[in-house]
Each structure stands twice: as structure tokens, then as C-alpha cells.
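*Asks:* coordinates for the following, if possible.
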Amino acid sequence: MLGGIGHALVAAVEEAVFFHSIARLSQPDFQVKGDNPFTENYSVLSPEVLAGPAGEGIAEKNVGFIRKLLDFDAVIIAGQAKSHCMAWTIEDLLNEIQISDRKLPEKVYLLEDCTSPVVIPGVIDYTEQANKAFQKFSNAGMHVVRSSDPIVNWPGIKL
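*Replies:* Here you go, the predicted structure:
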């Protein structure tokens with residue numbers, strides 16, 4: 001929830017973002033999702049519901065951020081949860097990519113070991129759904145990689 005402990009960045013991630021912003025002279029671009037009480041935002045790129053019951057607009061795609069992502073040479077994605085927010089965000093990105101340029105999935109890298117599905121032992125396990133989603137993204141041309149693999153070994157990376 002916005003303002004809660006779950007909304008905060010883990011200290012090590014915040015420190016890495018801060019160091020990167022100084023070393024690269026690059027301002028971080030934090031995206032906030034889920035600030036509309038009338039729709040769910042699993043994806044950072046678009047809310048689940050865009051129109052209300054009478055067809056009135058209640059939310060919009062994050063077009064500015066989508067354009068920014070599509071302009072990069074490579075997009076590396078990590079986060080939680082592989083079965084929900086990650087899968088919905090990547091699905092939305094893939095849909096936008098397929099509209100603009102079918103070659104663009106090749107510049108997307110999914111850090112498989114930096115995410116995990118929702119699992120509540122003995123209650124629900126979304127591992128299978130998460131793995132199917134990542135297989136779909138891989139089949140579309142996105143690269144599923146590990147953070148421990150040297151980036152120079154990632155397909156398509158030219159340093």
C-alpha cells in the first residue's frame with residue numbers, strides 16, 4: 001500500500017539506485033502505480049480497468065513510461081511477483097511492442113532469478129502460471145536470463 005513498508009524500496013536497492021544516479025549522472029524515474037481506488041494496477045504500464053460502468057474514463061495507460069522503455073537499447077526487468085505484477089507488466093509491454101515493432105522483444109531481458117511467484121504453502125501456488133507466462137515471453141523473443149550470468153554473455157548485448 002502506498003505509504004506502507006511494502007511500498008518502500010529495500011535499503012540496498014535504494015543505495016544502488018542512488019549510486020547509479022551519481023555515477024551515470026542519470027535521474028531515477030520511479031513509477032507509482034495503484035493510486036486509483038476504482039481500478040487494480042497489477043501492471044505498472046496500465047491499470048486493469050480503464051473505463052467505468054457508464055463507459056467514462058477512470059484511468060489511462062502510462063504512455064509516457066511505455067515510450068521511454070521502448071526508446072532504450074535494452075530493457076532489464078526484475079521485481080515481484082513473477083505470477084502477477086511482473087507478468088501483467090511484461091504482458092502489457094509485449095502488447096505495446098507488437099503494435100510498434102515486432103523486433104523489439106529482442107531487447108527485453110527478464111531476470112528470472114530476481115523474481116518469484118506468489119506462493120502460500122498449503123493454500124495456493126502460482127509457480128506454474130508464472131513459468132507459463134515467462135515461456136510465452138521467451139517464445140515472443142524476450143530473453144530470460146539470470147543476474148549471475150555475465151551481461152556480456154547475454155544474447156544481443158554489444159558492449
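
*Asks:* for the rest of this, base every contact and every neighbour count on C-alpha atoms.
*Replies:* Will do.

*Asks:* pull out the buried residues from the longest helix seen in the chain.
*Replies:* Secondary structure of the chain per DSSP state H: the longest helix is helix 85-100. By 16 or more other C-alpha atoms under 10 Å, the buried positions in helix 85-100 come out as 85, 86, 87, 88, 89, 90, 91, 92, 93, 94, 96, 97.

*Asks:* just stretch 24-44 next, same as before
*Replies:* Quick answer for stretch 24-44 (16+ other C-alpha under 10 Å): 33, 34, 39, 41, 42, 43, 44.

*Asks:* where's the dip in pLDDT among those residues?
*Replies:* Within the buried residues of stretch 24-44, the minimum per-residue pLDDT falls on residue 34 (78).

*Asks:* right, and that residue touches residue 41 too?
*Replies:* Yes - using C-alpha atoms under 8 Å, residue 34 is in contact with residue 41, at 5.0 Å.

*Asks:* tell me the SS of the residue of the chain most remote from its centre?
*Replies:* Distance from the centre of the chain peaks at residue 54, with 30.5 Å (C-alpha atoms, centre = their mean). Here residue 54 is recorded as coil under DSSP: H, G, I helix; E, B strand; the rest coil.

*Asks:* give me the pLDDT value at it.
*Replies:* 94.

*Asks:* just residue 1 next, same as before
*Replies:* Reported pLDDT for residue 1: 66.

*Asks:* and for residue 158?
*Replies:* 78.

*Asks:* for it, grab the count of nearby residues.
*Replies:* Neighbour count of residue 158, defined by other C-alpha atoms under 10 Å: 9.

*Asks:* what's the spacing between the residue farthest from the centre of the chain and residue 38?
*Replies:* 13 Å (C-alpha to C-alpha, to the nearest Å).
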